[in-house]
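Based on what follows, work out the 3D shape:
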Amino acid sequence: MKTNEKNISLKEALQLNHRAYKLFYRYYPKLILSQISLTIWKALTPYIIIYLSALVIEELAGDRSPDRIRFLVTITLLSGAGISLISAFLKKWKRTWSAGLGMKIKRILCEKLFDMDYCDLDDSKTMELYSSIIQNLNGPGWGLYNVLLNYEALCSEGFSIICG
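Here you go, the predicted model:
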């Protein structure tokens with residue numbers, strides 16, 4: 001079986017992904033903030049409902065005060081509605097800033113090309129690298145686009161592990 005000699009270590013992969021994420025933050029900070037806000041919100045909201053449901057169950061198992069149970073159920077329902085409303089707002093905010101992501105990535109790449117000296121830009125090796133970047137973006141879905149998707153999943157799972 002033929003092995004791929006271009007494999008990189010996990011540490012290098014994380015460094016490259018972090019570098020790409022900082023690049024996105026420099027150009028589109030609201031995109032990153034919306035993504036992080038939604039990730040944190042999605043990781044923490046289940047615990048609010050669990051806590052309020054536990055209060056209702058505790059009251060049912062204990063004193064069974066009808067006024068207290070009615071109050072706790074109302075708070076649980078209202079918090080569920082509020083959580084849904086805030087979740088919808090955060091998802092819309094993220095989708096708004098994620099719209100046209102391909103063009104945003106191409107803007108980042110074009111600005112890098114414009115920052116280069118003409119001698120470096122005219123070099124065939126530079127054009128080969130640029131061509132492979134564009135092919136990876138369009139073809140198998142590698143590159144900067146995938147960094148955002150993977151980073152969101154990584155943060156979501158990290159917050160889920162930390163929160164319980």
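
the bottom helix or strand of the protein by mean pLDDT?
helix 118-122 (a mean of 75; mean pLDDT, DSSP states H and E).

That helix: which residues count as buried?
Buried residues in helix 118-122, counting neighbours by 16 or more other CB atoms under 10 Å, are absent. Bear in mind the C-beta positions are built from the backbone N, C-alpha and C, glycine included.

who does the helix or strand following it touch, helix- and strand-wise?
Moving toward the C-terminus from helix 118-122, the next helix or strand (DSSP states H and E) is helix 124-138. Contacts defined by 3 or more CB pairs under 8 Å, 6 or more residues apart in numbering; DSSP states H and E place helix 124-138 against helix 101-115.

Pull out the buried positions in the helix it packs on.
For helix 101-115, by 16+ other CB under 10 Å, it's 101, 104-105.

Can I get it in PDB, CA atoms only?
Provided in PDB are the C-alpha atoms of helix 101-115 (Å, rounded to 0.1, in the frame of the first residue of the first chain):
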ATOM      1  CA  LEU A 101     -18.500  32.500   2.200                       C
ATOM      2  CA  GLY A 102     -16.900  31.400  -1.100                       C
ATOM      3  CA  MET A 103     -16.500  35.000  -2.200                       C
ATOM      4  CA  LYS A 104     -15.200  36.000   1.200                       C
ATOM      5  CA  ILE A 105     -12.500  33.400   0.900                       C
ATOM      6  CA  LYS A 106     -11.600  34.500  -2.600                       C
ATOM      7  CA  ARG A 107     -11.300  38.100  -1.300                       C
ATOM      8  CA  ILE A 108      -8.800  36.900   1.400                       C
ATOM      9  CA  LEU A 109      -6.800  35.100  -1.300                       C
ATOM     10  CA  CYS A 110      -6.900  38.000  -3.800                       C
ATOM     11  CA  GLU A 111      -5.700  40.500  -1.100                       C
ATOM     12  CA  LYS A 112      -2.800  38.200  -0.400                       C
ATOM     13  CA  LEU A 113      -1.900  38.200  -4.100                       C
ATOM     14  CA  PHE A 114      -2.200  42.000  -4.200                       C
ATOM     15  CA  ASP A 115       0.200  42.300  -1.300                       C
END
